[in-house]
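K.L.:
dropping the sequence and predicted coords here.
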Amino acid sequence: MNHPIESDPLPPAEGAGPEASSDQRCGLVAIVGKPNVGKSTLLNALVGQKISITSRKAQTTRHRITGMRTRGATQFVFVDTPGFQTLHANALNRSLNKTVVGAVSDVDLILFVVEAGSFTPADERVQKLLGTGIPTVLVANKLDNVHRRSELAPWLQDMQGRYAFAEFVPMSAKNPKDIERLFGICEKYLPQQAWWYSEDELTDRSEQFLASELVREKLFRLTGDELPYTSTVVIDKYQEEPPARKGQKRLLRIAATIVVERDSHKAMVIGDKGERIKRIGTETRQELEKLADAKVFIELWVKVRSGWADDEARVRSFGYE
């Protein structure tokens, strides 16, 4: 049984029910941008809990991930997307780009995330996906990395000439005050309608999905730039057992396979005397136990599947759309 990830239990508040308030707002907000501009960090900050994995490695996010946050009468439904890929035209990247294009076609608001003071050809390629029918807010993220704020004025003026952005928001996804301000901006663009989710729901993704993503996050963080981005994770077994006694936590038994493309990558993931794969498992278990509020046992294996990222059928079999 796969549970969606939830916050602490609250009284049920099914927006579609007869008691839904007439002043409720609810709508979709897509978060888009090139790889490594902080989209997943922004999503986690907006939701208030980690639901999307992060690392310095490009292409960490590979799926459309929905995160919900209900504040007052407004329910925000955020959609995090993979960074739009232009470097490698393989089957995996075609799948990821299709996800990005699909996410921006049917939402109420788009948050186009770039690094404050920067606008690269890769940013421009994402901008060209936006169209003109949906209000788009330019989120100039990583403001804390800009040493001279005075340099932002001419940059913002240049950005105004590039696209008809509804608003400009220089900010840092790590600054709670900036996140609070962004909520106020997003709320104005969401239509008045009943909530789609109960008040305590945080994501439509299951614990099983989160487990695979956490393994992949630890994999990328602990291998750095040594391991190619094409490595992925497949959950082979996911079993939930109820608490043995009252007061104990439920138990999750997980077996997962890390898929790499070469034998040398396999050795890299396993590490000297198995130390690296042991650490990947330990860090995944510790974080998942906190997020899922459960006792977790996890087994990890490594398999070589040469060329999988350019094989359409295998890409789909590994869970990519």
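P.N.:
Looks like it arrived, so ask away. Everything numeric in this text was worked out from a predicted model, so none of it was measured. Residues are numbered from 1 along each chain as shown.
K.L.:
what sits up against the strand or helix carrying residue 285?
P.N.:
Taking DSSP states H and E as the criterion, residue 285 maps to helix 275-292. With CB atoms under 8 Å, 6 or more residues apart in numbering as the test, helix 275-292 has contacts from 3, 5, 49-50, 207, 210-211, 214-215, 218-219, 222-223, 252, 258, 268-271, 294-300, 302. In short, each C-beta sits where N, CA and C put it, glycine included.
K.L.:
partners of whichever helix or strand comes after it in the sheet?
P.N.:
Downstream of helix 275-292, the next assigned helix or strand under DSSP H and E is strand 295-304. Using DSSP bridges, the strands paired with strand 295-304 are strand 251-260 (parallel).
K.L.:
so where do the strands sit in the stretch 101-250 of the chain?
P.N.:
Under the criterion DSSP state E, counting those that start in this stretch, the stretch 101-250 of the chain contains strands at 109-115, 136-141, 167-170, 201-206, 232-241.
K.L.:
turn the ones you listed into a markdown table, columns for mean pLDDT, distance to residue 41 and mean neighbour count.
P.N.:
What follows is those, written out as a markdown table (pLDDT from 0 to 100; distance: least, CB to CB, whole Å; neighbours: other CB atoms under 10 Å):
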| stretch | mean pLDDT | distance to residue 41 | mean neighbour count |
| --- | --- | --- | --- |
| strand 109-115 | 94 | 10 | 24 |
| strand 136-141 | 95 | 8 | 24 |
| strand 167-170 | 94 | 15 | 16 |
| strand 201-206 | 79 | 16 | 20 |
| strand 232-241 | 89 | 21 | 16 |
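K.L.:
among those, which is nearest residue 70?
P.N.:
Smallest distance to residue 70 across those (CB to CB): 8.2 Å, for strand 201-206.
K.L.:
export the closest one to PDB, keeping only CA atoms.
P.N.:
C-alpha atoms of strand 201-206 as PDB (Å, rounded to 0.1, in the frame of the first residue of the first chain):
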ATOM      1  CA  GLU A 201      -2.100  16.600   1.600                       C
ATOM      2  CA  LEU A 202       1.300  17.700   0.500                       C
ATOM      3  CA  THR A 203       2.000  15.700  -2.700                       C
ATOM      4  CA  ASP A 204       0.300  13.300  -5.100                       C
ATOM      5  CA  ARG A 205       3.400  11.100  -5.200                       C
ATOM      6  CA  SER A 206       3.600   7.900  -3.200                       C
END
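K.L.:
quick one: it to strand 232-241, angle?
P.N.:
110 degrees (axes from the mean of the first three to the mean of the last three CA atoms, to 10 degrees).
K.L.:
strand 201-206: how far from the chain's middle?
P.N.:
The chain centre lies 12 Å from the centre of strand 201-206; the measure is CA atoms, centre = their mean, to the nearest Å.
K.L.:
check which helices and strands it sits against.
P.N.:
strand 4-6, strand 65-71 (3 or more CB pairs under 8 Å, 6 or more residues apart in numbering; DSSP states H and E).
K.L.:
those: lowest mean pLDDT?
P.N.:
Among the helices and strands packed on strand 201-206, strand 4-6 carries the lowest mean pLDDT, a mean of 42.
K.L.:
nice, that's everything, thank you.
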